[in-house]
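1. The following block contains a protein sequence and its predicted model.
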2 protein chains.
Amino acid sequence: MSNKMVVGIDIGGTNTKFGLVDEDGNVLVQDKVNTAAFKKVEDFTHVLTASILQLALTQDDMELVGVGIGSPNGNFYTGTVEFAPNLPWKGVVHLSKLFHEAFNLPVALTNDAKAAAMGEMRFGGAKNMKDFLFITLGTGLGSGIVSNGALVYGHDGFAGEMGHTIIKEDSNRLCGCGRYGCLETYTSATGIRKSYMKFLAEKDKRAAIDPKKIDSAYIFQLAREGDEEALQAFKYTGHILGLALANAVTYFSPKAIFLFGGLAQSGELIFKPTRESFEKNLLKVYQGKVKILHSSLHDGDAAILGAASLIWNELSLVS
Amino acid sequence: MSNKMVVGIDIGGTNTKFGLVDEDGNVLVQDKVNTAAFKKVEDFTHVLTASILQLALTQDDMELVGVGIGSPNGNFYTGTVEFAPNLPWKGVVHLSKLFHEAFNLPVALTNDAKAAAMGEMRFGGAKNMKDFLFITLGTGLGSGIVSNGALVYGHDGFAGEMGHTIIKEDSNRLCGCGRYGCLETYTSATGIRKSYMKFLAEKDKRAAIDPKKIDSAYIFQLAREGDEEALQAFKYTGHILGLALANAVTYFSPKAIFLFGGLAQSGELIFKPTRESFEKNLLKVYQGKVKILHSSLHDGDAAILGAASLIWNELSLVS
């Protein structure tokens, strides 16, 4: 009997990672190509297909059964990547179609946070859950929302942009989307940096530090060493995140909220103030019911795994 | 052939309205009993059952096929009404069970806003929609959220409390839930009254007006006559509602948002500032895609119709 495997593809602005994932959620082999090098999406698909087939040759008795893709601005309904500011291909790109032509296999595509949420549901801590939120705290804030056992896509496939809820109307924090005060300008790697700079400035300490050195990893290091403003930045970030999550609960009443990504790796520094603010701001009917948890997916291959889950899910629904 | 009908029951703190609803969404006959008069829920069920049977006698060739109930704090999953502050029965009341025993028919129960959302989907403006929000602007703000063709209930049945998202952290507006700054302290009949009083006070006009006279209907009247602070109160309310709805869209990407209830009856006075703020605060990918509409349900029987829809829906899924 051959081993069935799904290709999981995680498209990023710099690199595209891909791997072969078995039915138990093991990423058996993986590799990457440089996304930015391909000005034409057809060249990208061509080289990626060849690289995937090469990867497949390393496996004995292997049968490819589908291709799952996670991409920024990926639309599940149409299989397209639409106006992705950080990818080299402009406009609307029919990525699913191109991969279907290359492999003649089922192809499913969605955005990276939704793919990871799917991975958490199929292989991670959300295995027995029908209602949960999956939040990625990276450069921005991504969200994959599962309600009644299914990802929330909305009428056009673009639901789940929690990072772009406006949480402070009079905010001076400009978001990548062109508006001010979006959640991700506070509770992301970019956000905590802004908060830290603000607290430095308030204490006239800003001139003493080279702003180029400051990123979320550096602030994490400082906070662990007891630096006052770094600790303040974590508390502030957690406070805002906890309130935002408490508000999200009023819509979905999830069983749990999973945090993933760089900032979530800071452990209790971010979890403690987040949970405190969350419980404090939660409507009574939800208190004590909703857990805030670490994602159980590995940072390295979560998006590959998630992308592959899309296909494993479809196949298990059919069989 | 007999005419199949469903009983729709709309439980309120003061009155409980009920009626017979046919498959086309006509409320053929209706009546009401005084909820507050029944200290024991068994007495309530007993009298209501008798009244419903009496109503049924007025119809020729009629067959009852189910009972749908909309109730404050109603839980669809368990068929219970839980800790409803405005109903005479304390704790957890197994209302579905009581009505099932009385009629020996399928019984479905949910809260009033979710029932009305169901009515809008089955019989109203959301007939062909799988993703929409239904917002009731009454004394409070209720919400029924439909995602991917189904009501969002969450893991415990208590999802959809949009009125209790905290929209201003430093707000001094105390909500009925015991917290401060909930959306419904701004965008409801109670909320617009608070805003109007605030604008009066800012202009030292408060002493001139008897606060007992002021309710949302009075403010509506004043606004139509061109009163400055009343107009300001509508603008402010619409501004906040528009922003809150724009934020809700980032979660659900709905095709439309339906507004229902007293405040929605104020027409353009509330719709114009709401739509303006909504479009201004909407993330680019949603702009121009999401309509804000009047609910097409009649204020008088929306909850009866909605409650009945729960059953018509179940029956049509089976057949």
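-> Yep, that arrived.
2. check contacts around the residue lying closest to A:Lys284 once chain neighbours are set aside.
-> Spatially, and ignoring its direct neighbours in sequence, A:Lys284 is nearest to B:Cys177 (6.5 Å; Cβ to Cβ, 6 or more residues apart in numbering or on different chains). Yep, even glycine has a C-beta here, placed from its N, CA and C like the rest. Each residue near B:Cys177 by Cβ atoms under 8 Å, 6 or more residues apart in numbering or on different chains is listed here: A:Leu283, A:Lys284, B:His164.
3. Of these, which belong to strands?
-> Among these, no residue falls in strands (DSSP state E).
4. just the residues you listed now: which is nearest A:Leu297?
-> A:Leu283 (29.3 Å; Cβ to Cβ).
5. confidence score at the closest one?
-> A:Leu283 is assigned 95 on the pLDDT scale.
6. separation between it and B:Ile240?
-> 19 Å (Cβ to Cβ, to the nearest Å).
7. Wasn't the residue nearest to A:Lys284 part of a helix?
-> No - under DSSP: H, G, I helix; E, B strand; the rest coil, B:Cys177 falls outside any helix and is assigned coil.
8. so which residue of the stretch 51-200 of chain A comes closest to chain B?
-> A:Gly154 (2.5 Å; Cβ to the nearest Cβ).
9. nearest residue to that residue other than its sequence neighbours?
-> A:Gly154 sits nearest to B:Ser253 (Cβ to Cβ, 6+ apart), 2.5 Å away.
10. Next: A:Lys97.
-> A:Gly79 (6.4 Å).
11. Torsion angles phi and psi at that neighbour?
-> With angles defined as degrees, to the nearest 10, A:Gly79 sits at phi 70, psi 20.
12. sec struct for the nearest residue to A:Phe38 once chain neighbours are set aside, please.
-> Spatial nearest neighbour of A:Phe38, chain neighbours left out: A:Phe44 (3.7 Å); criterion: Cβ to Cβ, 6+ apart. Using three-state DSSP, the structure places A:Phe44 in helix.
13. Tell me the spacing between A:Phe44 and chain B.
-> Distance, A:Phe44 to chain B, using Cβ to the nearest Cβ, to the nearest Å: 23 Å.
14. now A:Leu297
-> Taking Cβ to the nearest Cβ, one finds A:Leu297 at 21 Å from chain B.
15. Isn't that residue up against A:Leu305?
-> Yes - using Cβ atoms under 8 Å, A:Leu297 is in contact with A:Leu305, at 6.3 Å.
16. tell me, what's touching those two both at once?
-> Joint contacts of A:Leu297 and A:Leu305 (Cβ under 8 Å, 6+ apart) are A:Ala116, A:Gly119, A:Phe123.
17. Out of the residues you listed, which end up buried?
-> A:Ala116, A:Gly119, A:Phe123 (16 or more other Cβ atoms under 10 Å in any protein chain shown).
18. In CSV: the residues you listed, plus secondary structure and pLDDT.
-> Converted to CSV, these look like this (DSSP: H, G, I helix; E, B strand; the rest coil; pLDDT from 0 to 100):
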residue, secondary structure, pLDDT
A:Ala116, helix, 94
A:Gly119, helix, 95
A:Phe123, helix, 93
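19. Switch the residues you listed over to a markdown table; also include distance to B:Ile52.
-> Formatted as a markdown table, those follow (distance: Cβ to Cβ, whole Å):
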| residue | distance to B:Ile52 |
| --- | --- |
| A:Ala116 | 50 |
| A:Gly119 | 50 |
| A:Phe123 | 51 |
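20. So what are the sheet partners of the helix or strand hosting A:Thr136 and their directions?
-> Assessed by DSSP states H and E, A:Thr136 sits inside strand A:132-137. When pairing is defined by DSSP bridges, strand A:132-137 lines up against strand A:141-147 (antiparallel), strand A:256-260 (parallel).
21. For the shortest one, buried residues please.
-> Of all the residues in strand A:256-260, those buried under the rule 16+ other Cβ under 10 Å are A:Ala256, A:Ile257, A:Phe258, A:Leu259, A:Phe260.
22. Contacts only, for the closest residue to the fourth one other than its chain neighbours.
-> If you skip the residues right next to it in sequence, A:Leu259 has A:Ile135 as its closest partner in space, 5.4 Å away by Cβ to Cβ, 6+ apart. With contacts defined as Cβ under 8 Å, 6+ apart, A:Ile135 is in contact with A:Ala113, A:Leu141, A:Gly142, A:Ser143, A:Met162, A:Leu245, A:Ile257, A:Phe258, A:Leu259, A:Phe260.
23. cool, A:Ser2 as well?
-> A:Asp61, A:Met62, A:Glu63.
24. re the thing from before, mean confidence (pLDDT) on the strand holding A:Thr136, please.
-> Mean predicted lDDT for strand A:132-137 stands at 97.
25. how far does it sit from the chain's center?
-> Counting by Cα atoms, centre = their mean, to the nearest Å, strand A:132-137 is centred 7 Å from the centre of its parent chain.
26. what does stretch A:294-304 rub up against?
-> A:8-10, A:17-19, A:21, A:27, A:30, A:70, A:112, A:115-116, A:119-120, A:123-125, A:134, A:258-262, A:264-265, A:271, A:305-306.
27. Check whichever residue of the stretch 201-319 of chain A sits closest to chain B and give its pLDDT.
-> Taking Cβ to the nearest Cβ as the measure, the point where the stretch 201-319 of chain A comes nearest chain B is A:Ser253, at 2.5 Å. At A:Ser253, the pLDDT value in this model is 98.
28. before we move on, back to that, surely the residue nearest to A:Gly154 and B:Phe132 touch.
-> No - between B:Ser253 and B:Phe132 there is no contact under Cβ under 8 Å: 10.5 Å.
29. Apart from its neighbours in sequence, what residue is nearest A:Leu141?
-> Nearest to A:Leu141 is A:Gly163, by Cβ to Cβ, 6+ apart, at 3.3 Å.
30. what does A:Lys40 give?
-> According to Cβ to Cβ, 6+ apart, the nearest residue to A:Lys40 is A:Trp89 (7.8 Å).
31. Quick check, that neighbour in contact with A:Val81.
-> Yes - contact criterion Cβ under 8 Å: A:Trp89 and A:Val81 qualify, at 7.1 Å.
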